[in-house]
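Visitor: Build me a model from this:
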Amino acid sequence: MHINEKLDHLVQSRRDKTEVQRWLFSLIPLGVAFAFFFLLILPMDIEHKDLVMVTGLAAGFAGLQAYWTFRGWQRDEGLTVLLGLLGIVLAALFVWAYDAVLGDVLHRVFRGWLRY
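Guide: Okay, here's the model as predicted:
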């Protein structure tokens, strides 16, 4: 299949009505994995622990979005591809914003709640 035909299929296709339910259900393993990650890293005494946890969460979410992007590409669902790419970009922007601005703001707001 040539790239023009593939792009035509992506634009003209329709999504399965249960696609959103499948996406929400796929968040459950990610939540369980992050819970274990959070519980294992919390007692450790490492520098910038909050940034490690935010990066771990964003990496898991971006991996899930990469899976959905690939799935959308294989099934010729253009909106799934677009939303998957948007999710990857948003995960990267969240980590950048946390490192640049949000981290300092949250440290001031929740001072003393967590050990860093």
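Visitor: Quick one: the strands in the chain, in order.
Guide: Using DSSP state E, the chain contains no strands.
Visitor: middle-most residue in this protein, spatially?
Guide: residue 61 (2.3 Å; C-alpha atoms, centre = their mean).
Visitor: helices and strands around the lengthiest helix in the chain, which ones?
Guide: The longest helix of the chain (DSSP state H) is helix 49-74. When contacts are defined as 3 or more C-beta pairs under 8 Å, 6 or more residues apart in numbering; DSSP states H and E, helix 49-74 packs onto helix 19-41, helix 78-97, helix 103-109. C-beta coordinates here come from the backbone N, C-alpha and C atoms, glycine included.
Visitor: Compare those and give me the one nearest residue 5.
Guide: In terms of C-beta to C-beta, the element of those nearest to residue 5 is helix 78-97, at 13.2 Å.
Visitor: Residues contacting that closest one, please?
Guide: If you take C-beta atoms under 8 Å, 6 or more residues apart in numbering as the criterion, helix 78-97 is touched by 10-11, 13, 15, 19, 54-55, 58-59, 61-62, 64-73.
Visitor: Only the buried subset of the residues you listed, as a ChimeraX command please.
Guide: Buried members of the contacts of helix 78-97, defined by 16 or more other C-beta atoms under 10 Å, are picked up in ChimeraX with:
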select :10,19,54,55,58,61,62,64,65,68,69,71,72
